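Undergrad: Test case, fold it:
(one chain, ligands or ions: 1)
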Amino acid sequence: MGQNIIYLDKVASTNDYLRELLSNFKPLAEGTAILAEDQFQGKGQRGSTWVSEPGKNLTTSILLKPHFLSIEQQFALSASVAIAVVKWLKSKTKLPVTVKWPNDIYVGSKKIAGILIENKLKGNKIDASIIGIGININQVNFDTATTITSLSTLTDRDDYVIKDLAVELFASLQKEYNTLYTQSWRFQLDYYNELLFWKGEEKPFLVAGEKKIGIIKAVGIDGQLQVLIDNKLHKFNIKEISHLIS
Ligand SMILES: O=C(O)CCCC[C@@H]1SC[C@@H]2NC(=O)N[C@@H]21
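TA: Okay, here's the model as predicted:
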């Protein structure tokens, strides 16, 4: 992964750029990565934006062709990407790194990285997958400093070389992708569950617009979040529940 890296000085969104290459039938090898210096219209999950100071952070999109996965197994890919980012971050900081379901990466109580995966399907299989990853690296000033952090802020360094970090990250992604391909993906699901943010703690959630107190138990093989509310186990899809971090 990352053997073929397309470096861009400035782009609206690396995910969109890669998707356009694909839709123009450009022959691209699996593992091709787009790495942008300045991504000025980054996309986040659920229609949100991903804001990144030019030249400071890692903003990348990687092309995968996980034909061995069906639509029902989309979450397996998402979990293995989250694991790869977590493992790489753990090599940089001793602080606890967790995953806020489905794939926000947190260090302590602050978000450091986000993942946006866009899949192209063929029948019930995944034909192509654009793995968009944004990781805050050298940026230290944020509009919402109470909820966002960066590697620089955590480690008191501001001289990280983004291209070098990207190469390390791609190696981590390759490793987890190989594991996904060769082993039962329950193996990675177990590890993903060990990393779950707020797991086992009584916390507030927003469920259908209503505040509820619940305890996260696990994420199932179907990617649904299992939360104990009023002594009953509920299963949620991404649009049905959100963590209420105030
Ligand atoms: O946390 C999120 O909401 C997901 C953020 C994903 C951001 C990355 S940065 C590189 C890639 N290109 C985009 O437009 N978005 C993803």
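Undergrad: C-alpha only now, for contacts and for neighbours.
TA: Fine.
Undergrad: Please name the nearest non-neighbouring residue to Leu169.
TA: Trp88 (6.2 Å; C-alpha to C-alpha, 6 or more residues apart in numbering).
Undergrad: ok, now which ones touch the one you found?
TA: Glu168, Leu169, Ser172 (C-alpha atoms under 8 Å, 6 or more residues apart in numbering).
Undergrad: Tell me which residues touch the second one, please.
TA: So the one you mean is Leu169. Ala84, Val85, Trp88.
Undergrad: close to the ligand, is the longest helix along the chain?
TA: When the chain is parsed with DSSP state H, its longest helix is helix 162-182. No - using C-alpha under 6 Å from any ligand atom, helix 162-182 never reaches the ligand; the gap is at least 11.9 Å.
Undergrad: circling back: what about the contacts of Leu169, which are in helices?
TA: Residues of these located in helices (DSSP H): Ala84, Val85, Trp88.
Undergrad: and the first one, how many neighbours does it have?
TA: Same thing as Ala84. 20 (other C-alpha atoms under 10 Å).
Undergrad: so it touches Ser172, yeah?
TA: Yes - counting by C-alpha atoms under 8 Å, Ser172 is a contact partner of Ala84 at 5.2 Å.
Undergrad: Quick check: chain neighbours aside, which residue is closest to Ser13?
TA: Closest to Ser13 by C-alpha to C-alpha, 6+ apart is Gly42, at 4.8 Å.
Undergrad: That neighbour contacts Trp50, correct?
TA: Yes - counting by C-alpha under 8 Å, Gly42 touches Trp50, with 4.6 Å between them.
Undergrad: can I see the domain layout of this protein?
TA: Split into domains by automatic domain parsing, the chain comes to 5-194, 202-243.
Undergrad: Quickly compare the ones you listed and say which is most buried.
TA: domain 5-194 (a mean of 18; mean count of other C-alpha atoms under 10 Å).
Undergrad: Just give me how far stretch 148-158 sits from the chain centre.
TA: Stretch 148-158 sits 19 Å away from the centroid of its parent chain (C-alpha atoms, centre = their mean, to the nearest Å).
Undergrad: again, but for stretch 114-124
TA: 13 Å.
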